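Asks: Dropping the sequence and predicted coords here.
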Amino acid sequence: MATQQGSVRVCQDCRTVTFQVTGWGRMYQSMPLRRLGEKFLAEGVTSLRVDLRHCTYIDSTFLGTLLTLKRLSKKWSQAQFVLVSPSTECCRLFHQMGVEDCLGPNWRARRKTWTPSIAT
């Protein structure tokens, strides 16, 4: 069985940094993502964005990293933390893990395309 792979790309445009996650976001990408995020926040970026449109899965360690970066963005530099277009799979995982409210309002427009099914 093939192991699912994931990658994270980084783009800085002036004072905005965007991380684009493709495939699976797992613990292997968590520490490099966190360290780079902390580095950019220490340098004074004003916006930290995580593009999840091509992300098909995130594990709990990667989710913890996202929540940590959100907290640090506010604490260290008042930078804006934004989840960009989370995929349907990510929205489902956020709901299953019960962290929808922790991630802020910026990603909720995408959520309208996915409605959790309720077992009857």
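Replies: Noted; the coordinates are in hand. As the structure is a computational prediction, the values presented were derived from the model and not from experiment.

Asks: looking at the protein, which helix or strand does the model trust least?
Replies: helix 108-111 (a mean of 47; mean pLDDT, DSSP states H and E).

Asks: got the contact list for residue 7?
Replies: By CB atoms under 8 Å, 6 or more residues apart in numbering, residue 7 lies in contact with 21, 22, 23, 29. (C-beta placed from N, C-alpha, C; glycine too.)

Asks: same question but for residue 94, I mixed them up
Replies: Neighbouring residues of residue 94 by CB under 8 Å, 6+ apart: 63, 86, 100, 103, 107.

Asks: If we use 6 Å, what do you get?
Replies: Residues near residue 94 by CB atoms under 6 Å, 6 or more residues apart in numbering: residue 100.

Asks: Would you double-check that it falls in a helix?
Replies: Yes. The assignment for residue 94 by DSSP: H, G, I helix; E, B strand; the rest coil puts it in a helix.

Asks: bridging residues for the closest residue to residue 5 other than its chain neighbours?
Replies: Nearest residue to residue 5 in three dimensions, chain neighbours excluded: residue 23, at 5.3 Å (CB to CB, 6 or more residues apart in numbering). Under DSSP bridges, the beta-bridge partners of residue 23 are residue 6, residue 55.

Asks: Does anything pack onto the longest helix seen in the chain? Which helices or strands?
Replies: For the chain, the helix reaching the highest residue count under DSSP state H is reported as helix 27-42. Of the remaining helices and strands, those touching helix 27-42 by 3 or more CB pairs under 6 Å, 6 or more residues apart in numbering; DSSP states H and E are strand 6-13, helix 60-72.

Asks: Now do the buried residues in that helix.
Replies: Buried residues in helix 27-42, counting neighbours by 16 or more other CB atoms under 10 Å, are found at 29, 30, 33, 34, 36, 37, 40, 41.

Asks: how about JSON lines for these, with distance to residue 58 and pLDDT added?
Replies: Shown next, in JSON lines, are the buried residues of helix 27-42 (distance: CB to CB, whole Å; pLDDT from 0 to 100):
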{"residue": "29", "distance to residue 58": "10", "pLDDT": "93"}
{"residue": "30", "distance to residue 58": "10", "pLDDT": "94"}
{"residue": "33", "distance to residue 58": "11", "pLDDT": "95"}
{"residue": "34", "distance to residue 58": "14", "pLDDT": "96"}
{"residue": "36", "distance to residue 58": "17", "pLDDT": "96"}
{"residue": "37", "distance to residue 58": "15", "pLDDT": "95"}
{"residue": "40", "distance to residue 58": "20", "pLDDT": "95"}
{"residue": "41", "distance to residue 58": "21", "pLDDT": "94"}
